[in-house]
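A.B. asks: coords please:
(one chain, ligands or ions: 3)
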Amino acid sequence: MWRRAVSVSHFTFAHKSIAHNKDVCKLKFWETFTTETPMKEKGTFQRDKTPFITFVLGGPGSGKGTQCMKIVENFGFTHLSAGDLLRREIASNSADGTMILNTIKEGKIVPSELTVRLIQKEMESSDNYKFLIDGFPRSEENRIAFEQIMGVEPDVVLFFDCPEDEMVKRVLNRNQGRVDDNIVTIKKRLKVFDALNLPVVKYYMEKGKLYKIRAVGSVDEIYKQVYPVFASLNFEQQVRE
Ligand SMILES: Nc1ncnc2c1ncn2[C@@H]1O[C@H](COP(=O)(O)OP(=O)(O)OP(=O)(O)O)[C@@H](O)[C@H]1O
Ligand SMILES: O=c1ccn([C@@H]2O[C@H](COP(=O)(O)O)[C@@H](O)[C@H]2O)c(=O)[nH]1
Ligand SMILES: [Mg+2]
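C.D. replies: Ligands and ions are numbered 1, 2, ... in the order given. Okay, the predicted model is just below:
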């Protein structure tokens, strides 16, 4: 099992509060939004090098992917977008492709074990040890499955807090041909986010691992809040010419 090498307890600007407090405890609704099946077995992730894992959370269109690209450039992380891994499964006509496509179209959550196995495969085949896991965990089920299968927890959790009207505007303007970038699915994704993802945000806030980023303004303005989180960890930065 991987063991933690870097403690986050020395961070100087811990998270204080989250928006939508009234919405964070709606776990009982999870069955409405997920195609979850029970976990079959517990396991642990075997690898030589201790990983440094950052979960990147936030609603649809909050700018997770955009900010991850900048973190990769400055700090040499490997970016694993759970949504991209699932879309790759669809594109490769895998056995689960149709189920994944239908789940994404409905804005629901793909069974945890499937997503965790995709992330696990990418992490285990990577030479890197620093990972940004973008758009995961989407629910407490996801979080628990990751911990059980991988045997590790994240070191840092970023939460991009963005007003709904701004998220909707960004998603509708994204123009990347995604099947879920339409107003009907966006409304469903926002409901799922409130009901299932915010409890995960709350969990990591209570664990002292959460960094809430106010995700409004320009990309660079937002990144000014993100940069110090990683700079404070003394990662050797990539020098770009
Ligand atoms: N600060 C910003 N201001 C305006 N537009 C932005 C900003 N950040 C990102 N965008 C744009 O908004 C859209 C959504 O951003 P992005 O794909 O990074 O969000 P995301 O959180 O990864 O969304 P999803 O969860 O749907 O994958 C993109 O078209 C991106 O270029
Ligand atoms: O862990 C995950 C991540 C994503 N999904 C499904 O994919 C879409 C799109 O995800 P993005 O992060 O916005 O790219 C999401 O709405 C879910 O349907 C998932 O099930 N589990
Ligand atoms: Mg994204």
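A.B. asks: near ligand 1, which residues of the chain show up?
C.D. replies: Of all the residues in the chain, those in contact range of ligand 1 (CB under 6 Å from any ligand atom) are 58, 60-66, 83, 135, 170-171, 174, 218-219, 222. To be clear about C-beta, it is placed using only N, CA and C from the backbone, and glycine gets the same treatment.
A.B. asks: name the SS class of I213, please.
C.D. replies: Classification of I213 into helix, strand or coil gives strand, according to DSSP: H, G, I helix; E, B strand; the rest coil.
A.B. asks: contact partners for it?
C.D. replies: Residues touching I213, when contacts are defined by CB atoms under 8 Å, 6 or more residues apart in numbering, comprise G58, Q67, L158, F159, F160, D161, I222, Q225, V226.
A.B. asks: mind listing which of the residues you listed are in strands?
C.D. replies: The subset of the contacts of I213 located in strands under the criterion DSSP state E comprises G58, L158, F159, F160, D161.
A.B. asks: for those, which entry has the maximal number of neighbours?
C.D. replies: L158 (28 neighbours; other CB atoms under 10 Å).
A.B. asks: got the contact list for it?
C.D. replies: T54, F55, V56, L57, G58, Q67, Y211, I213, V226, V229.
A.B. asks: one step back: tell me which of the contacts of I213 is nearest to P111?
C.D. replies: Within these, distances to P111 taken as CB to CB reach their minimum at G58, with 22.1 Å.
A.B. asks: correct me if wrong: that closest one contacts A215.
C.D. replies: Yes. Using CB atoms under 8 Å, G58 makes contact with A215 at a distance of 6.4 Å.
A.B. asks: residues contacting the closest residue to ligand 2 within the chain?
C.D. replies: Among all residues of the chain, G83 sits closest to ligand 2, at 2.1 Å; criterion: CB to the nearest ligand atom. G83 is in contact with I104, D134, G135, counting by CB under 8 Å, 6+ apart.
A.B. asks: go with 10 Å
C.D. replies: When contacts are counted by CB atoms under 10 Å, 6 or more residues apart in numbering, G83 touches P60, K64, G65, I104, V110, T115, D134, G135, F136, R138, R178, D180.
A.B. asks: mind checking pLDDT for it?
C.D. replies: Looking at G83, its pLDDT is 98.
A.B. asks: wait, is it part of a strand?
C.D. replies: No. Assignment of G83 by three-state DSSP gives helix, placing it outside any strand.
A.B. asks: about what we covered before: and the contacts of I213, which is closest to N234?
C.D. replies: The nearest one, if we look at these relative to N234 and count by CB to CB, is V226, at 16.1 Å.
A.B. asks: return the distance of the closest one relative to K70.
C.D. replies: Distance of V226 to K70, given as CB to CB, to the nearest Å: 7 Å.
A.B. asks: domains for this protein, by residue range?
C.D. replies: If the domains of the chain are taken from automatic domain parsing, they occupy 12-46, 51-231, with pieces of a single domain joined by a plus sign.
A.B. asks: most tightly surrounded among those domains?
C.D. replies: Comparing those by mean neighbour count (mean count of other CB atoms under 10 Å), domain 51-231 ranks first with a mean of 18.
A.B. asks: report the two of the residues of the chain next to ligand 1 separated the most.
C.D. replies: Greatest spacing in the residues of the chain next to ligand 1, by CB to CB: G83 and S218 (23.5 Å).
A.B. asks: out of the ones in strands among the contacts of I213, which is nearest to T78?
C.D. replies: Of the ones in strands among the contacts of I213, the one sitting nearest to T78 (CB to CB) turns out to be L158, at 15.4 Å.
A.B. asks: give me the distance between the closest one and ligand 1.
C.D. replies: In this view, L158 and ligand 1 are 11 Å apart by CB to the nearest ligand atom, to the nearest Å.
A.B. asks: just to revisit the earlier point, quick one: which of the domains of the chain has the weakest pLDDT on average?
C.D. replies: Note on these: lowest mean pLDDT is at domain 12-46, with a mean of 37.
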